[in-house]
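Student: the following block contains a protein sequence and its predicted model.
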Amino acid sequence: MNARSIVLVLLLATATSACYVTRSTTNEPLTRESIDKLVPGTSTAQEVVATLGAPAEVVQLGTRTAYRYEFTNTKRAVLFLIVLGFYNEDTRADRAWLFFDAQNVLTHVGATLEADRARYAMPWWNVHEK
Amino acid sequence: MIRSRRLGAALRAGTAIACALLAAGCVTYTYRRDMRFEPIDDAALDSLRPGEADISECLAKLGAPLYVWEYSKEGCALAYGFDKDRTWSLSVSVPVARGFSASGAYTDEARKLRGAVLLFDPTWRLQLVRRGMLADLSAELRPKRPAAVDTSDGDAGAQGGAQPR
């Protein structure tokens, strides 16, 4: 390695000294298997709580109720080049809403499982383009 | 002549780098992208016909909403949203006294979720679909909470009670 290469490597190391990635999550991941165990018209709120645990939110809808279960996954990638910073944050979630009638019997389920699609990236990378 | 021109260019470059290094602790120019949740499937949303689709069809096609709230009596609202923002921002931080620092930032765009709110009647049949910024739709379509009654001041009751805020 010649002197020019060493200088270049040192300069790059100095310029990218504030470069990091972090990941933060909230709650526990949801799985398709656990949601599929719950059958509208049959499962009760008690069975739902026994299967999925305590909901993150309970909403009253007149005499009916809805429970929200949510797991969020956030990945951040940050690169600082002296005074110029690049910051990318990607948040995806596993989320399920379960609706109950006045007798606390499950009537409807809506689920989206996309938490594992969160990516580390630079702001100019198209990581979710379809 | 050429030599002095090169020397001038090198001096200017050196000064720029030195300034950048000196300012590194207090000036930051940031390019930031925030992505929150998957964008709504427009084709699926367009296929939901008010008066025809029910909540089961909506949940099957669009998945779990971000928010749910009661709409009208026994009806409900489902809000779907996502955020995909790119912003440039300039931050300046200046120490003004020991233990304190003053800082200011200019950001060219506010971060907001955009999406759609689906309103269902008491039989949970789709009544209306509204698209836009979720903060605006939520402010318009969520039921307003009644103002709290202030009981801290005994005189207020004597003067006619709490006033709407």
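Tutor: Yes, it's here. Residues are numbered from 1 along each chain as shown, chains lettered A, B, ... in the order given.

Student: going forward, measure contacts between C-alpha atoms and count neighbours the same way
Tutor: Noted.

Student: chain B: strands as residue ranges?
Tutor: Counting by DSSP state E, chain B forms strands over residues B:27-36, B:67-71, B:75-97, B:100-107, B:114-120, B:126-133, given from the N-terminal end onward.

Student: and of those strands, who's closest to residue B:14?
Tutor: Between residue B:14 and the strands of chain B, the shortest gap by Cα to Cα is with strand B:27-36, which sits at 18.5 Å.

Student: partner strands of that closest one and their direction?
Tutor: Strand B:27-36 has these partner strands in its sheet, going by DSSP bridges: strand A:84-100 (parallel), strand B:75-97 (antiparallel).

Student: need the winner for burial among those.
Tutor: Taking mean count of other Cα atoms under 10 Å in any protein chain shown as the contact definition, the stretch among those with the greatest mean neighbour count is strand A:84-100, which reaches a mean of 23.

Student: thinking again about what came up before, in CSV, list the strands paired with strand B:27-36 along with mean pLDDT and distance to residue B:61.
Tutor: Putting the strands paired with strand B:27-36 into CSV (pLDDT from 0 to 100; distance: least, Cα to Cα, whole Å) gives the following:
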stretch, mean pLDDT, distance to residue B:61
strand A:84-100, 95, 14
strand B:75-97, 86, 12
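
Student: would you mind giving those strands as TSV with distance to residue A:76 added?
Tutor: Conversion of the strands paired with strand B:27-36 to TSV gives the following (distance: least, Cα to Cα, whole Å):
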stretch	distance to residue A:76
strand A:84-100	4
strand B:75-97	14
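
Student: any chance you could list what contacts the longest helix along chain A?
Tutor: Counting by DSSP state H, the longest helix found in chain A is helix A:3-15. Contacting residues not belonging to helix A:3-15 are listed as A:80, A:81, A:82 [Cα atoms under 8 Å, 6 or more residues apart in numbering or on different chains].

Student: ok, so of these, who is nearest residue A:114?
Tutor: Out of those, the one with the shortest distance to residue A:114 is residue A:80. That distance is 29.2 Å, counting by Cα to Cα.

Student: so that closest one, which of the three states?
Tutor: Reducing the assignment at residue A:80 to three states with DSSP: H, G, I helix; E, B strand; the rest coil gives strand.

Student: what parts of chain B come near chain A?
Tutor: B:20-21, B:23-25, B:27-38, B:55-56, B:59-60, B:63-65, B:68-71, B:73-76, B:86 (Cα under 8 Å from any Cα of the partner chain).

Student: again, only this time at 7 Å
Tutor: With Cα under 7 Å from any Cα of the partner chain as the criterion, chain B comes near chain A at residues B:20-21, B:24, B:27-37, B:56, B:59-60, B:63-64, B:69-70, B:73-76.

Student: can you flag the buried ones in those?
Tutor: Among these, those classed as buried by 16 or more other Cα atoms under 10 Å in any protein chain shown are B:20, B:24, B:27-37, B:59, B:63-64, B:69-70, B:74-76.

Student: quick revisit: do you know which of the strands paired with strand B:27-36 lies nearest residue A:19?
Tutor: Using Cα to Cα as the measure, strand A:84-100 is the one of those that comes nearest residue A:19, at 9.3 Å.

Student: what are the C-alpha coordinates of that closest one, in CSV please?
Tutor: Output in CSV follows, covering the C-alpha atoms of strand A:84-100 (Å, rounded to 0.1, in the frame of the first residue of the first chain):
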residue,chain,number,x,y,z
LEU,A,84,-23.0,16.9,5.9
GLY,A,85,-25.4,14.2,7.4
PHE,A,86,-27.4,11.5,5.7
TYR,A,87,-30.2,9.9,7.8
ASN,A,88,-32.6,7.2,6.9
GLU,A,89,-35.3,5.8,9.0
ASP,A,90,-37.5,2.9,8.0
THR,A,91,-40.4,1.8,10.2
ARG,A,92,-42.6,-1.2,9.4
ALA,A,93,-45.1,-2.9,11.7
ASP,A,94,-47.0,-6.1,12.4
ARG,A,95,-50.4,-4.9,13.2
ALA,A,96,-53.7,-6.7,13.9
TRP,A,97,-57.1,-5.2,14.8
LEU,A,98,-59.7,-7.6,16.2
PHE,A,99,-63.3,-6.6,16.4
PHE,A,100,-65.8,-8.0,18.9
